[in-house]
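Trainee: this is the structure alone, sequence omitted:
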């Protein structure tokens, strides 16, 4: 039986790429926060369990933001009470401020993420804070989180373009990123929130970080696929040395405060590319495709993932040819 029989690409490793990539799965949080339907907490828990069983090492489980702002994730406390934490799997959560941190600590969270903006306009819309004021808001969150032994990730939105401000200067992004790292973030995810980046832009951005003496090691990338560039942009980031990539099972996602932001890079599409390049990631594509097809059924709509569509949402390893 060949690799193609079980729904895997032929492997042709390329030089200059990481040997291993960490996939930071954001589907349960970023993927579901913009869905118009109410997803029952039991379905969310099963989604997380299925993703863990598929081998994903990091599952961003939910957000401890006020339910008024993201009602889809209003059940964060209940979810964490029901969650079965799989050995070796990390379950970070998003927190917006100290109140969110209080809830996360009470739930027994061990990793958090904060979300900042590279632009004034999006900071105002997403955080009700100005560009500079957002860092003042995050300072006590970082201080308390680090004192409690939590890992902290920083998200930086609108790195490649802003729907209200247009083009965003690379130097502005690097400056904002350095401020988050100096506050104590262990990792920083650079977000193409509205999906306008292209591979050359990604390469120029990461080159600018290097020229500013910011190591690529703490950097991750978070691409939306608005113009079909997410995989190409990811490959450009890998060539620049990035080894952590955000993606969403089934391509779920968007941003409730940026209507032009469509779905995230689909985790299945990312895994297919990594498999073809011979890059280790630890994810079972077959199980992941079944999970995303199952979740699409819960949501009542087809998955936008090309790989889920191509494989038909079933196992080619366990079903005869023609029955997928």
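Mentor: Structure's in. What do you need? Keep in mind that what you see is a predicted model, and the values were worked out from it rather than measured.

Trainee: who does the host helix or strand of residue 79 touch, helix- and strand-wise?
Mentor: Per DSSP states H and E: residue 79 is located in helix 76-82. Counting contacts by 3 or more CB pairs under 8 Å, 6 or more residues apart in numbering; DSSP states H and E, helix 76-82 is packed against helix 41-53, strand 62-63, helix 98-106. For the C-beta atoms, the positions are set from N, CA and C on the backbone; glycine is no exception.

Trainee: mind showing which ranges of the stretch 151-300 of the chain have poor pLDDT?
Mentor: Applying pLDDT under 70 to the stretch 151-300 of the chain flags residues 254-262.

Trainee: which stretches of it form helices?
Mentor: Along the stretch 151-300 of the chain, the stretches classed as helices by DSSP state H, counting those that start in this stretch are 170-183, 199-211, 230-239, 267-277, 285-299.

Trainee: would you mind finding the most buried of the helices and strands packed on helix 76-82?
Mentor: The highest mean neighbour count among these, using mean count of other CB atoms under 10 Å, belongs to strand 62-63: a mean of 28.

Trainee: now the helices and strands packed on helix 76-82 in TSV, with distance to residue 71 and mean pLDDT?
Mentor: As requested, those are exported to TSV (distance: least, CB to CB, whole Å; pLDDT from 0 to 100):
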stretch	distance to residue 71	mean pLDDT
helix 41-53	13	98
strand 62-63	11	96
helix 98-106	15	96
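
Trainee: quick one: buried residues of the helix holding residue 79?
Mentor: Counting neighbours by 16 or more other CB atoms under 10 Å, one finds that the buried residues in helix 76-82 are 76, 79, 80.

Trainee: which residues does the second one contact?
Mentor: It refers to residue 79. Under the criterion of CB atoms under 8 Å, 6 or more residues apart in numbering, the neighbours of residue 79 are 41, 44, 45, 61, 62.

Trainee: and with 6 Å instead?
Mentor: By CB atoms under 6 Å, 6 or more residues apart in numbering, the contact list for residue 79 reads 41, 44, 62.

Trainee: now the second one. Nearest residue, chain neighbours left out?
Mentor: Leaving aside its chain neighbours, residue 44 sits nearest to residue 79 (5.7 Å; criterion: CB to CB, 6 or more residues apart in numbering).

Trainee: and the pLDDT for the one you found?
Mentor: The per-residue pLDDT reported for residue 79 equals 97.

Trainee: gap between it and residue 226?
Mentor: The gap separating residue 79 from residue 226 is 29 Å, by CB to CB, to the nearest Å.

Trainee: name the residue closest to the centre of the protein, please.
Mentor: Nearest residue to the geometric centre of the chain (CA atoms, centre = their mean): residue 246, 3.4 Å.

Trainee: if I look at it, how far off is residue 238?
Mentor: Taken as CB to CB, the spacing of residue 246 relative to residue 238 amounts to 13 Å.

Trainee: all strands of the stretch 1-150 of the chain, in order?
Mentor: With DSSP state E, counting those that start in this stretch as the criterion, the stretch 1-150 of the chain has strands at 22-25, 58-59, 62-63, 93-94, 111-117.

Trainee: for those strands, which one ends up most surrounded?
Mentor: It is strand 62-63: most buried of the strands of the stretch 1-150 of the chain by mean count of other CB under 10 Å, with a mean of 28.

Trainee: residues in contact with that strand: which ones?
Mentor: With CB under 6 Å, 6+ apart as the test, strand 62-63 has contacts from 29, 70, 73, 76, 79, 93, 94.

Trainee: give the partner strands of that strand in its sheet and their orientations.
Mentor: As defined by DSSP bridges, the strand partners of strand 62-63 come to strand 93-94 (parallel).

Trainee: so how far is the partner strand from its chain's centroid?
Mentor: In terms of CA atoms, centre = their mean, to the nearest Å, the centre of strand 93-94 is set 11 Å apart from its chain centre.

Trainee: what does that strand rub up against?
Mentor: 61, 62, 63, 64, 104, 109, 112, 113.

Trainee: next one: stretch 28-40
Mentor: 47-48, 60-63, 70, 72-73, 248, 252-254, 256.

Trainee: for residue 99, state which of those is nearest.
Mentor: Nearest to residue 99 among those, counting by CB to CB, is residue 63 at 12.4 Å.

Trainee: residue 268 versus that closest one, what's the distance?
Mentor: Plainly put, residue 63 is 23 Å away from residue 268 if you go by CB to CB.

Trainee: for the longest helix anywhere in the chain, packing partners?
Mentor: In the chain, with assignment by DSSP state H, the single longest helix is helix 131-147. Under the contact criterion of 3 or more CB pairs under 6 Å, 6 or more residues apart in numbering; DSSP states H and E, helix 131-147 touches helix 98-106, strand 111-117, helix 120-127.
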